[in-house]
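Participant: A predicted structure for the sequence below; I have some questions about it.
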Amino acid sequence: MLFKVFPEAELTRLFELLAKDRIVGPVKKGEDQQGRPLYDFDVVHDLADLHLDYTQTIHSAKNYFLPYREDLCTFTFQNDDWQKEVDYGVYAPLVLLGLHPCDINALNKLDKVLLGGRYPNPFYGEKRGNMFIVGHSCTPQPFCFCQSMGTDSAIRGFDLFLTRMGDLYFAEILSPRALHLLEQIDCCDPDSSEHRRYLDLMEERESLFVAHVDTSDLTKILDLEFQSPVWQEWGQKCLSCGTCAQVCPTCYCYGVTEQVDMDFSRAWKEKQLYSCNLLDFASVAGSHNFRPESHTRIKYRYYHKHRGFVEAFEESLCVGCGRCGQACLARITVPEVIASVRAGKE
Amino acid sequence: MKTEREFVQPGAGEQFEYSYKAEITNVYPLTGMEKLYQIQLVDPLERERFTFRPGQFVMLELPGIGEAPFSITSSPVRHGDIELCIRAVGNMTRFLDRVERGTMVGISGPFGTHFPVEKMEGEDILLIGGGLGIAPLRSPILTVLENRSRYGQVDIIYGARSPSELLFDYEYAMWRQFDVGLDIIVDRAEPGWQGPVGLITELLKERIAKGHADRFRERTSAIVCGPPVMFRFVCDLLIAAGVPVEKIFVSLERRMHCGRGKCCRCNIGSTYTCLDGPVFDYWSVLNLKEAI
């Protein structure tokens, strides 16, 4: 990996260079009841709107690579026949500016399932191929448990990663394009004191995590505790609203609906991101539902994230961003659920 | 060091959303609820190249209406001239119930795992179907009959709710000509029904009583298709008779929106029913929470 440092003021120039393409980054959307700022990812036209020092966005940046709604194909009807057209909907490059390590690792995990296997998904793949990713270091929040999930630092899956060190930016470079970009601004190789400063900063950051999840033997424990009454209790709390899946950076499941134009000349197939907590997630024709009760669905959610995915890819599908717990109206958080399953009681 | 991002293979995308243009060439009512649809891939080359194994499924697409998975019920020797046995029970299948021959549909697949009938050669085979489970079961039945001399004793055990709900009854005489045992039981008799009345497990118990434990242990495979509630009862009897768990095969049903391991709707634990199933051996089923 190559490293560079550049003065804080050079960020303006960097932003201008990147702004040739559409930039999506953290912006302030409002304030919560305590007056704390609320952030979300959005298109950024002006550097002043970009809040690289953001705590956490409400939603992940998922909408830009896995849109909540997306047309998979359109059909044109003519003379009792039809023609199918497929459009991946990728027309221009996109810069994701300011992703935290958890969100970069989320993309790395999604790549495994969506771009691997026999049927790589081109709707996602085309968008990923057209992305330039600039990561930004973060300050651990009370709800962040990425350290436990091993996703607190990103070692791949970005072009450029920036860490603020006072009036300097420490840059990690992973692509030639990122290198060429930095060649156009005032930057230099870091000296040994800056190496030290960076490492000290990382060490300090590691000590700031307060939320933890014990993942040791978790796949086995989840199997052993499959019938645990704890799940019933969480099931009673869960609202089955699917909010957790919508804010999650790695939830990728979807449903498909087909619609027809009023004059029957066209139809289209639309994909909609779904949630395994919604009542009809596993229902089939003939009114059979494989997970009719709330507790079977919330349990499935944890099994897929922390057991199923681990078995398939040797890592958890959860990146520990804590968004689901923050967004949950029933106040269900991953660290609490996992701790209760381990303990056998809530 | 990472250079250019090149994730998707050229052409892979086309494959992802590609569906064969196909025509419904015939529709036969089987019972009040089910119909047999003969569907032919329009392009002769695609039709010839379309090969599948018994137990695999296709995604059937009715543009503007919906797309859903269906097990192929015909024999693989017929390539892209497939038959699907479909019950009018959901939005899409109720629409399908009203279509006529000549309707153009989309077919993608074949997807998923198959019943390994090639590995069962030389063995006795028990083919056990309950209700609509006979639809996926008919493909391995026909495959076994086409290669009858390669198998030992072949028994088909089929249970339906009532005599009028029996599927493919016009074929039973033909099946029997191939020296197979075909036993049928119904939950509810109707006037004129001469056969037994009761649960499918009764027939299976009788068949097991007639057999030898050594033979079940050493040279018997079983294929089981039916409603979820049937699997455990039937498979427990088979296991008690000595049939090894890894030689019992079931076909599972789940909701699917892609068939390609991406929509996650058919997920059971770490397993996608569309990729790792729909056919599972019973050893895998025992290792999957909430599979049956």
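Facilitator: Looks like it arrived, so ask away.
Participant: What ranges does the chain have for its helices?
Facilitator: Since you didn't name a chain, this refers to chain A. Using DSSP state H, the helices assigned to chain A run over residues A:11-18, A:101-115, A:122-129, A:146-149, A:176-183, A:192-206, A:218-224, A:230-237, A:243-247, A:294-303, A:309-313, A:323-327, A:334-343.
Participant: Chain B, not that one
Facilitator: Applying DSSP H to chain B gives helices spanning B:12-17, B:44-49, B:91-96, B:134-146, B:172-176, B:200-210, B:213-219, B:228-241, B:282-287.
Participant: Ramachandran coordinates for the most centrally placed residue in chain A?
Facilitator: The centre of chain A sits closest to A:Pro249, judged by CA atoms, centre = their mean, with a distance of 2.2 Å. Main-chain torsions, A:Pro249, degrees, to the nearest 10: phi -80, psi -10.
Participant: Alongside chain B, which residues does the stretch 201-346 of chain A contribute?
Facilitator: A:223, A:226, A:252-260, A:264, A:267, A:269, A:274, A:276, A:281-286, A:288, A:290-291, A:296, A:300, A:303-304, A:307-312 (CB under 8 Å from any CB of the partner chain). Heads up, the C-betas are built off the backbone N, CA and C, glycines and all.
Participant: so which of the helices of chain B is the most packed in?
Facilitator: Burial of these is given as mean neighbour count (mean count of other CB atoms under 10 Å in any protein chain shown); helix B:134-146 ranks first at a mean of 24.
Participant: Sketch out the low-pLDDT regions of chain B for me.
Facilitator: Where chain B drops to pLDDT under 70, the residues are B:1-15.
Participant: Okay, domains of it per the record?
Facilitator: Chain B breaks down into these domains under automatic domain parsing: B:12-111, B:117-287.
Participant: want to throw those into TSV with distance to chain A?
Facilitator: What follows is the domains of chain B, written out as TSV (distance: least, CB to the nearest CB, whole Å):
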stretch	distance to chain A
domain B:12-111	3
domain B:117-287	3
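Participant: and the closest residue to B:Pro196 other than its chain neighbours, what are its bridge partners?
Facilitator: Spatial nearest neighbour of B:Pro196, excluding adjacent residues (CB to CB, 6 or more residues apart in numbering or on different chains): B:Ile185 at 4.8 Å. Beta bridges link B:Ile185 to B:Gly159, judged by DSSP bridges.
Participant: B:Ile185 contacts B:Lys205, doesn't it?
Facilitator: No: B:Ile185 lies out of contact with B:Lys205 (CB atoms under 8 Å); the separation is 11.1 Å.
Participant: closest to B:Asp276 out of the helices of chain A?
Facilitator: Proximity to B:Asp276 (CB to CB) singles out helix A:309-313 among the helices of chain A, at 9.7 Å.
Participant: contact partners of that closest one?
Facilitator: A:109, A:112-113, A:218-219, A:315-317, B:269-270 (CB atoms under 8 Å, 6 or more residues apart in numbering or on different chains).
Participant: which of those count as buried?
Facilitator: A:109, A:113, A:218-219, A:315-317, B:269-270 (16 or more other CB atoms under 10 Å in any protein chain shown).
Participant: Farthest pair within those?
Facilitator: Distance extremes for the buried ones among the contacts of helix A:309-313: the farthest pair is A:Val113 and A:Leu218 at 19.2 Å, using CB to CB.
Participant: Kindly present the buried ones among the contacts of helix A:309-313 as a markdown table, with separate columns for distance to B:Val154.
Facilitator: Shown next, in a markdown table, are the buried ones among the contacts of helix A:309-313 (distance: CB to CB, whole Å):
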| residue | distance to B:Val154 |
| --- | --- |
| A:Lys109 | 47 |
| A:Val113 | 41 |
| A:Leu218 | 46 |
| A:Thr219 | 41 |
| A:Glu315 | 46 |
| A:Ser316 | 46 |
| A:Leu317 | 44 |
| B:Gly269 | 33 |
| B:Ser270 | 34 |
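Participant: With respect to B:His79, which of these is nearest?
Facilitator: Taking CB to CB as the measure, A:Val113 is the one of the buried ones among the contacts of helix A:309-313 closest to B:His79, at 31.9 Å.
Participant: Close to chain B: what parts of the stretch 51-200 of chain A are there?
Facilitator: A:72-73, A:75, A:77, A:80-82, A:84, A:86, A:88, A:111, A:113-115, A:117-123, A:125-126, A:128-129, A:131, A:156, A:174-176.
Participant: Ramachandran coordinates for A:Ala285?
Facilitator: The phi/psi pair for A:Ala285 (degrees, to the nearest 10) is phi -60, psi 150.
Participant: wait, isn't it in contact with B:Ala88?
Facilitator: No: contact status for A:Ala285 versus B:Ala88: not in contact, 9.4 Å apart, counting by CB under 8 Å.
Participant: Which parts of the stretch 1-150 of chain B are strands?
Facilitator: In the stretch 1-150 of chain B, the strands defined using DSSP state E, counting those that start in this stretch lie at B:20-29, B:34-41, B:57-62, B:66-71, B:81-87, B:104-111, B:124-130.
Participant: Kindly reformat the helices of chain A as a markdown table containing mean pLDDT.
Facilitator: Conversion of the helices of chain A to a markdown table gives the following (pLDDT from 0 to 100):
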| stretch | mean pLDDT |
| --- | --- |
| helix A:11-18 | 95 |
| helix A:101-115 | 94 |
| helix A:122-129 | 89 |
| helix A:146-149 | 94 |
| helix A:176-183 | 94 |
| helix A:192-206 | 94 |
| helix A:218-224 | 91 |
| helix A:230-237 | 94 |
| helix A:243-247 | 95 |
| helix A:294-303 | 93 |
| helix A:309-313 | 88 |
| helix A:323-327 | 94 |
| helix A:334-343 | 94 |
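Participant: so which of the ones you listed comes closest to B:Ser108?
Facilitator: Relative to B:Ser108, the nearest member of those by CB to CB is helix A:122-129, separated by 14.5 Å.
Participant: Counting by contacts, list what the closest one packs against.
Facilitator: helix A:101-115, helix B:12-17 (3 or more CB pairs under 8 Å, 6 or more residues apart in numbering or on different chains; DSSP states H and E).
Participant: what's the angle from the first one to helix A:122-129?
Facilitator: Which is helix A:101-115. Going by axes from the mean of the first three to the mean of the last three CA atoms, to 10 degrees, helix A:101-115 is angled at 140 degrees with respect to helix A:122-129.
Participant: Name the surrounding residues that touch helix A:101-115.
Facilitator: Helix A:101-115 is contacted by residues A:60-62, A:65-66, A:120-121, A:124-125, A:128, A:133, A:135, A:137-138, A:144, A:146, A:151-154, A:156-158, A:161, A:249-250, A:252, A:309, A:312-313, A:315, A:317, A:319-321, B:7-8, B:261-262 when judged by CB under 8 Å, 6+ apart.
Participant: try 6 Å
Facilitator: Contact with helix A:101-115 is made by A:60-61, A:121, A:124-125, A:135, A:146, A:151-154, A:157-158, A:249-250, A:313, A:317, A:319, A:321, B:7, as judged by CB atoms under 6 Å, 6 or more residues apart in numbering or on different chains.
Participant: If anything else comes up later, I'll come back, but that's it for now.
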